[in-house]
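Q: With the sequence up front, the predicted model follows.
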Amino acid sequence: MTCRRGLDVAEDGTRPGAALFAALDGTMPEGVTLRAVDCLQNCDGGCTVALRGPGRWTYIYGNLHEASHPDLLREGAAKYHATQDGLIPWRERPDHFKKNCVARVPPMED
């Protein structure tokens with residue numbers, strides 16, 4: 001929500017992170033829950049999201065733009081949700097996901 005994406009945003013202005021959340025709010029694929037967070041500490045990588053679920057790998061993607069990436073995020077979230085372990089086959093991942101993965105974290109559960 002607080003991501004500025006390297007822009008000089010007035011204190012009372014809408015930040016790119018908040019605009020990205022607003023663009024996605026209420027329009028996520030069935031079974032996917034959108035949750036706002038203040039910051040994922042990827043300042044050099046712009047707006048960043050995490051896809052996670054119980055028993056799944058967590059993926060963190062950056063360099064996202066509020067105007068051009070909402071559909072890409074919906075598509076990627078749907079593909080992530082359709083897996084059992086969070087591992088979307090490489091060829092099925094949106095190109096942006098292939099090039100802008102900040103991190104992947106193994107499931108916490110055994």
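A: Alright, I've got the coordinates.

Q: In this protein, spot the helix with the most residues.
A: In the chain, ranked by residue count with DSSP state H as the criterion, the top helix is helix 70-82.

Q: Give me the three-state assignment for the closest residue to Asn42 other than its chain neighbours.
A: Leaving out its chain neighbours, the residue that sits closest to Asn42 by Cβ to Cβ, 6 or more residues apart in numbering is Thr48, at 4.1 Å. For the C-beta atoms, the positions are set from N, CA and C on the backbone; glycine is no exception. Under DSSP: H, G, I helix; E, B strand; the rest coil, Thr48 falls in the strand class.

Q: residues contacting Thr48?
A: Cys3, Leu40, Asn42, Ile60, Tyr61, Gly62, Leu64, Val102 (Cβ atoms under 8 Å, 6 or more residues apart in numbering).

Q: repeat that with 10 Å
A: 3, 5, 17, 20, 37, 39-42, 60-64, 100, 102-103 (Cβ atoms under 10 Å, 6 or more residues apart in numbering).

Q: ok, which stretches of this structure are strands?
A: With strands called from DSSP state E, the chain shows them at 47-51, 58-64, 101-105.

Q: Could you export those strands as CSV, including mean pLDDT?
A: Shown next, in CSV, are those (pLDDT from 0 to 100):
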stretch, mean pLDDT
strand 47-51, 96
strand 58-64, 96
strand 101-105, 96
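
Q: Which neighbouring elements make contact with the longest helix of the chain?
A: Applying 3 or more Cβ pairs under 10 Å, 6 or more residues apart in numbering; DSSP states H and E, one finds that helix 70-82 contacts helix 16-24, strand 47-51, strand 58-64, helix 95-99.

Q: excluding its backbone neighbours, what's nearest Met38?
A: One correction, residue 38 is Asp, not Met. Here the residue nearest Asp38, using Cβ to Cβ, 6+ apart, is Thr2, at 4.9 Å.

Q: pLDDT value on the one you found, please?
A: At Thr2, the pLDDT value in this model is 85.

Q: was I right about it contacting Arg15?
A: Yes - with contacts counted by Cβ atoms under 10 Å, Thr2 reaches Arg15, the gap being 6.0 Å.
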